[in-house]
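Undergrad: quick one, fold the following:
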Amino acid sequence: MTVLKRIAVKLAGTEIGKRFNLVMLADEFAQSLHNELNFTQEANFTERLRENLAKGKWFDPKRIIVPKVYLELNSAKILVLEWLDGVSILTAKLHGQNFHGDIEAERHDLTRQIFRAFLQQYAVDGFFHADPHPGNLFILQDGRVAILDCGMMGTLNPTLRESLVELLLAVFDHDAERCAQATIQLASPLDPSKPIEKRQIQTDYENLLKKFYGLSLVELDLGSALQDIMQIARTNNLQLPINIGLLAKSIANLEGTGRQFDNSVNISDEMKPLMSDIFRQQLIGDNPLQSLLKTGLELKQLSLKAPRQVEFLLDQLSNETFRLNLHLQDLNDLRATLENVANRLTSGLIIGALIIGAAFISTEQSSSELILLSNGLFAVASLLGLWLVFTSLKSKH
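TA: As a prediction, the model looks like this:
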């Protein structure tokens, strides 16, 4: 990690280093690796995932299992788990014992159970297994599916989950404008000094969504779509939260494993009938009364603050102390351009006045002094004119 961090610092000033924020990525990778080697944390993650999946609504919780942790035997360097007798999902031999010997029906059902268990983690729990490769998904001797190795887990807060669902729906609807708005809402600027061009982001999404025209949900690669979304954000000076990267990794691993095990099931296809449940979850949560009380408290706080703020605003208006501060993007550049134009117009008027004055004097010349003055005015006007033409050509405006 020391070597990687040094390389990241060396590359920090390059275009790639700035675009991908390599220093931050190296720090996050170091922290992730450190967390994976902390078995006390992994034990807590394993117990939390086991408790969440025991309350599954979209799948049969009896078919999905996470090993029990023997907390009294654990330490930061020792992790003791329940023994589960099984093999990797891709090497398991199915017998179709619960489907009258129909192995394909059993394979299809197991894949759906796994996908829905992970959809619950993504959309409801906000706490998900970030590394579901075939070595971490076992099929046990009794036909259940075990999810192993909870060292790498991701979290999604409610606000982030709502924005992600909105973004994915916009992708499904081929709505580039909504995609751009949701991405800007999700992300933060990589370089605050550079403007965020919403129109360019929308154009990038229009090009991306062309790949999805005519594809059914079964044909849509959701993990790849998330990777493309992250790439659009990076190329437009935006940085998505790190957990979205973990989410994309988790979905890509899950889809890859699922398609090797049963290519007739797709995570996007499983998501569609659950959308109403996802919306209900985001709207009122698991406890409608608690959500109602929370909304009532927020409205109460708003009702208490609003009269004071209105009174303060009216007081400022009546005392003529109200000031409105506006920050318009690139206003300084516009002001500088207008000042430059005004200066050149003024210079042009002065040059024209000098030429006209010299012409009048030359027509009425009666002495050597007036001739000298006329020639001097012509010389000054010529020099100023040449300088004005030179500066105008140099600025390329």
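Undergrad: chain neighbours aside, what residue packs nearest to M230?
TA: If the residues on either side of it in the chain are set aside, M230 comes closest to L240, at 5.7 Å by C-beta to C-beta, 6 or more residues apart in numbering. For glycine as for every other residue, the C-beta is placed from the backbone atoms N, C-alpha and C.
Undergrad: ok, the most centrally placed residue in the chain - contacts?
TA: The chain has L240 as the residue nearest its centroid, 2.7 Å off, counting by C-alpha atoms, centre = their mean. Residues near L240 by C-beta atoms under 8 Å, 6 or more residues apart in numbering: T183, L186, A187, I229, M230, A233.
Undergrad: 10 Å - rerun?
TA: 160, 164, 183, 186-188, 226, 229-230, 232-234, 247-248 (C-beta atoms under 10 Å, 6 or more residues apart in numbering).
Undergrad: and which of these is nearest V9?
TA: In terms of C-beta to C-beta, no member of the contacts of L240 lies closer to V9 than R234, at 19.8 Å.
Undergrad: on the three-state scheme, F138 is what?
TA: At F138 the chain is in strand, as set by DSSP: H, G, I helix; E, B strand; the rest coil.
Undergrad: pLDDT (mean, whole number) over stretch 150-167?
TA: The average pLDDT within stretch 150-167 is 87.
Undergrad: surely L25 meets A8?
TA: Yes - at 7.0 Å, L25 counts as touching A8 under the criterion of C-beta atoms under 10 Å.
Undergrad: so what sits against both of the two?
TA: G17.
Undergrad: quick one: which of the two has more around it?
TA: Neighbour tally, L25 and A8, criterion other C-beta atoms under 10 Å: the higher count belongs to A8, 19 against 15.
Undergrad: what's the pLDDT at I284?
TA: Looking at I284, the pLDDT reads 60.
Undergrad: also Y70?
TA: Listed pLDDT for Y70 reads 95.
Undergrad: for E104, see how far away the closest residue to it other than its chain neighbours is.
TA: Once flanking residues are discounted, Y70 sits nearest to V80: 4.3 Å by C-beta to C-beta, 6+ apart. Distance of V80 to E104, computed by C-beta to C-beta, to the nearest Å: 38 Å.
Undergrad: show me what the longest helix along the chain is packed against.
TA: In the chain, taking DSSP state H as the definition, the longest helix is helix 331-363. Packing partners of helix 331-363 (3 or more C-beta pairs under 10 Å, 6 or more residues apart in numbering; DSSP states H and E): helix 368-395.
Undergrad: mind checking the pLDDT average for the helix it packs on?
TA: Averaging pLDDT along helix 368-395 gives 75.
Undergrad: so what's the closest residue to P241 other than its chain neighbours up against?
TA: Excluding the flanking residues, the one nearest P241 by C-beta to C-beta, 6+ apart is L160, at 6.5 Å. Neighbouring residues of L160 by C-beta under 10 Å, 6+ apart: G126, L186, L240, P241, N243, I244, L247.
Undergrad: what's the farthest-apart pair in those residues?
TA: G126 and L240 (16.3 Å).
Undergrad: burial count for L349?
TA: L349: 10 neighbours (other C-beta under 10 Å).
Undergrad: pLDDT wise, what is it at?
TA: With respect to pLDDT, L349 scores 80.
Undergrad: the stretch 201-350 of the chain: helices as residue ranges?
TA: Taking DSSP state H, counting those that start in this stretch to define them, one finds helices in the stretch 201-350 of the chain at 222-235, 242-261, 267-271, 275-284, 288-318, 331-363.
Undergrad: residues contacting Y205?
TA: Going by C-beta under 10 Å, 6+ apart, Y205 touches 170-171, 174-180, 182-183, 228-229, 232.
Undergrad: which two of those have the greatest separation?
TA: Farthest pair in those (C-beta to C-beta) is E177 and D228. Separation: 17.1 Å.
Undergrad: who has more neighbours out of those two?
TA: Legend: neighbour count by other C-beta under 10 Å for E177 and D228, higher for D228 (20 against 14).
Undergrad: hmm, A358 and A379 touching each other?
TA: Yes - between A379 and A358 there is a contact at 9.0 Å, judged by C-beta under 10 Å.
Undergrad: so which of those two has more stuff around it?
TA: Just comparing A379 and A358: by other C-beta under 10 Å the higher neighbour count belongs to A358, 20 against 12.
Undergrad: what pLDDT does the model give that one?
TA: pLDDT, A358: 71.
Undergrad: for the one 5 residues further on, same thing?
TA: Note on T363: pLDDT of 65.
Undergrad: tell me where the stretch 51-200 of the chain has helices.
TA: Counting by DSSP H, counting those that start in this stretch, the helices of the stretch 51-200 of the chain are 103-120, 158-172, 176-186, 198-209.
Undergrad: average pLDDT for the shortest one?
TA: Read that as helix 176-186. On average, helix 176-186 scores 90.
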